[in-house]
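> A predicted structure for the sequence below; I have some questions about it.
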Amino acid sequence: MRNRLLALLIGGLAIACTACTNKAAQAERIAQTTTGGSAARGVEAISRYGCGTCHTIPGVSGAFGRVGPPLAGLGDRFYVAGVLQNTPANLERWIENPPAVDEHTVMPNLHVTHQDAVDIAGYLYSLR
């Protein structure tokens with residue numbers, strides 16, 4: 001009985017790990033296809049720039065901010081920040097320097113590098 005329970009537990013963990021791996025691989029494919037970036041690097045950059053201080057971002061540890069909008073489903077939205085058509089180039093532009101796009105935004109210029117913006121945008125597009 002104990003061996004059977006252990007086998008079920010190990011099998012369940014293996015399935016869970018496979019699901020996580022498949023989700024990560026899917027996020028990488030979406031990031032690569034939409035922006036040419038890396039979803040894994042995007043998550044790291046989101047954490048490094050502190051985006052979760054203001055935004056709730058699925059898959060990013062500690063990203064439960066309530067100042068800005070939640071970023072789940074961003075890839076399915078028509079506009080970025082209500083002012084730009086939602087395209088990879090526009091999302092990257094917004095991430096790099098929001099006040100340059102909309103001088104009235106409260107989102108600060110965090111001096112995000114272009115590569116980090118590409119990776120962050122790629123990750124955000126995977127959150128459909």
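Perfect, thanks for sending it.
> what residues are up against the spatially closest residue to Leu91 that is not a sequence neighbour?
Once its chain neighbours are removed from consideration, Leu91 has its nearest residue in Ala121; the separation is 4.4 Å (Cβ to Cβ, 6 or more residues apart in numbering). In this view, the C-beta of every residue, glycine as well, is placed from N, C-alpha and C. Neighbour list for Ala121: Thr34, Thr35, Gly37, Gly42, Pro88, Leu91, Glu92, Ile95 [criterion: Cβ atoms under 8 Å, 6 or more residues apart in numbering].
> go on, Gln85?
Phe78, Tyr79.
> now the terminal residues of stretch 79-95, how far apart.
The first and final residues of stretch 79-95 sit 13 Å from each other (Cα to Cα, to the nearest Å).
> buried residues in it, which are they?
Taking 16 or more other Cβ atoms under 10 Å as the neighbour-count basis, stretch 79-95 is seen to contain the buried residues Val80, Ala81, Leu84, Asn86, Pro88, Asn90, Leu91, Glu92, Arg93, Trp94, Ile95.
> ok, now how distant is the fifth one from Cys54?
This means Pro88. 22 Å (Cβ to Cβ, to the nearest Å).
> same thing with the last one?
When distance is defined by Cβ to Cβ, Ile95 is 13 Å away from Cys54.
> could you do the third one as well?
Separation of Leu84 from Cys54 (Cβ to Cβ): 18 Å.
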